[in-house]
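Chemist: Just a sequence and a predicted model for now, questions to come.
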Amino acid sequence: MRACVIRAAGELEQIEIADVPAPGSPALLGAREVRVAVRAAALNHLDLFVVRGLPGEQRFPHILGSDGAGIVDTVGADVTTVKPGDAVMINPGIWDGTCEFCRAGEQSLCVNFQVLGEHVPGTLAEYVMVPEANVVKVPALDPPLTWAEAAAFSLVSLTAWRMLTTRARLQSGETVLVWGIGGGVSLTALRIAKLRGARVFATSSSDAKLAQAKQLGADVTLNHRTQSVAQEVRALTRRRGVDVVVENVGEATWEDSLRCLAKGGRLVTCGGTTGPRVVTDVRRLFWNQYTIMGSTLGNTAEYAEVVAVLAGGALRPLVDRVYPLPEARSAFERLARAEQLGKIAVEVAAGVGDSIATGIQWQANQASGT
Ligand SMILES: [Zn+2]
């Protein structure tokens, strides 16, 4: 099968389209596993980290991509929730189901937690094999989701949902600061915060992106290239600060994030795109009684919740641009330059712009040879 792979960690020149063995032939498929014929994949900042090299052992060639959507192609003997031909989205977190955290329903705390495209072969391929528990039927929306939209949903939506609901417990009427609104998690966090009735401060280095953030409901927009975010937030809140800061930038913003917090404020982080070593003045932390919390993806209950929100018509993914698989490296380059607003998708099989319903028809035609 065709897949987007790297053969060693390095720069984006490492990314290539190669022919690699397809996973999950019926004999090799586990009883509770499914093979998905991928129609579209979507990129996340995580993919850049994977290309550049993460700690731990990686096997090469490594298939990139955490997010994807497609059609169930083959199912293991004990699979009951989906059948071949079903259009599905993929939850990229893989858990063992046996550790104390999994037994408590906290799959993203699993001691053996893995992420598709990081620790195991990813979605930028014609086929991907995942546990049955990792696929969910694509909700029927009007107009139907495109494959690119379906592919773009899971990682950022699940991540932002857990950050704001379970971790930060954002309440109606609270204020929240979201950095870097062009990124997928940040953009989704803005939309979830508005759904929960919060007042949202959004930042970007691009005035064009800030204008779009306004359209998506941001109450206050700040250009972090030309304005001091901490000063502006203090001034705009009568020196009080915000209740919650959504962080995924790390080194470049951490100290400003703490300066933006109100007394008793909560900072929730899911990443550090500008670097992992942050400085926290412990006096500021204890005196103001801040809570700093980490968050990674989400558990299965949260995934079901956020998929239900999508099914209700909210949080439809915003797709920035769609690239054909042979141009996957260009998609990574756009992500690396942070030019996007919303998700960058990669068309893995033809007809990606088609609706899901059309996709199913397309597959039926393939099967019947028409
Ligand atoms: Zn576990």
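Modeler: Here it is on my side, so go on.
Chemist: And this protein, what are its domain boundaries?
Modeler: 2-155+298-368, 157-294 (automatic domain parsing).
Chemist: Give me the distance between the two termini of the shortest one.
Modeler: Going back to what we said before, that points to domain 157-294. Terminal residues of domain 157-294 lie 16 Å apart, using Cα to Cα, to the nearest Å.
Chemist: check contacts around the residue nearest to L261 when sequence neighbours are not counted.
Modeler: In space, and not counting its chain neighbours, L261 is closest to G241: 5.1 Å by Cβ to Cβ, 6 or more residues apart in numbering. In this view, the C-beta of every residue, glycine as well, is placed from N, C-alpha and C. G241 is in contact with V233, R234, R259, C260, L261, A262, K263, G265, counting by Cβ atoms under 8 Å, 6 or more residues apart in numbering.
Chemist: Which of those residues sits closest to the ion?
Modeler: Distance to the ion across those (Cβ to the ion) is lowest for G265, with 31.5 Å.
Chemist: and the strand or helix carrying that closest one, how far out from the chain's middle?
Modeler: For G265, the host element (DSSP states H and E) is strand 261-269. Remark: strand 261-269 is offset 23 Å from the chain centroid, using Cα atoms, centre = their mean, to the nearest Å.
Chemist: What's the first helix or strand after that strand?
Modeler: helix 282-287.
Chemist: so how far is that following helix off the chain centroid?
Modeler: Distance of helix 282-287 from its chain centroid, counting by Cα atoms, centre = their mean, is 32 Å.
Chemist: Now do the next helix-or-strand element following that helix: which elements does it pack against?
Modeler: Once the chain leaves helix 282-287, the next helix or strand it forms, by DSSP H and E, is strand 291-294. Applying 3 or more Cβ pairs under 8 Å, 6 or more residues apart in numbering; DSSP states H and E, one finds that strand 291-294 makes contact with strand 261-269.
Chemist: picking up where we left off before, ok, now how distant is the residue nearest to L261 from the ion?
Modeler: Taking Cβ to the ion, to the nearest Å as the measure, G241 and the ion are separated by 37 Å.
Chemist: which residue ranges form the helices in the stretch 201-350 of the chain?
Modeler: Along the stretch 201-350 of the chain, counting by DSSP state H, counting those that start in this stretch, helices occupy 207-215, 229-236, 254-260, 282-287, 300-311, 328-336.
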